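Asks: Pasting a predicted model and its sequence here:
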Amino acid sequence: MSDEERIDDGNSTVLDRPPQEQRNDLRRPPLWQVVIHNDDFTPMDFVVALLITIFQKSEQEATMIMLDIHKKGKGIGGIYPRDIADMRVLQVKAFAEGREHPLLATIEQVPD
């Protein structure tokens, strides 16, 4: 540790800034996308309502995502840190099961 990184008040040594190797190790946590999967049983209007309620999408956004789910087999409800993505999956499951729909949601890590 160089002298310029230290401040000595006579009683203890306090670092003015962390050593270089510690400063470079900070990374943002990875993000996860909540993927909603198509099925042959869940009504389209229910999926739109779910996207509005759980993912706070506008009606227009929710409709576009629902069409992706319908046409492509899956769509992205939102992108979050892992714990929030997990919570959204549980919310989707509870919302769908409470209305007797088999809608499936999973999470996938967003590529860097």
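Replies: Thanks, I have it. Numbering: from 1, shown residues only.
Asks: In contact with the nearest residue to residue 86 once chain neighbours are set aside: list those residues for me.
Replies: Leaving aside its sequence neighbours, residue 86 sits nearest to residue 107 (C-beta to C-beta, 6 or more residues apart in numbering; 6.7 Å). (Glycine included, C-beta is placed from N, CA and C.) Contacts were defined as C-beta atoms under 8 Å, 6 or more residues apart in numbering; by that measure residue 107 touches 32-35, 82, 85-86, 89.
Asks: Return the subset of those residues lying in helices.
Replies: 82, 85-86, 89 (DSSP state H).
Asks: List just the nearest of these to residue 66.
Replies: Minimum distance to residue 66 across the ones in helices among the contacts of residue 107 is 17.5 Å, recorded for residue 89 (C-beta to C-beta).
Asks: With residue 105 as the reference, measure out to that closest one.
Replies: For residue 89, the distance to residue 105 equals 5 Å [C-beta to C-beta, to the nearest Å].
Asks: who touches both of these two?
Replies: Taking C-beta under 8 Å, 6+ apart as the contact rule, the neighbours common to residue 89 and residue 105 are residue 34.
Asks: can you give me the helices for the protein?
Replies: With DSSP H, the ranges of helices along the chain come out as 20-23, 44-55, 59-72, 82-97.
Asks: helices or strands up against the third one?
Replies: Packing partners of helix 59-72 (3 or more C-beta pairs under 8 Å, 6 or more residues apart in numbering; DSSP states H and E): strand 31-37, helix 44-55, strand 74-81.
Asks: What are the buried residues along it?
Replies: The neighbour-count criterion (16 or more other C-beta atoms under 10 Å) identifies 62-63, 65-66, 69 as the buried residues of helix 59-72.
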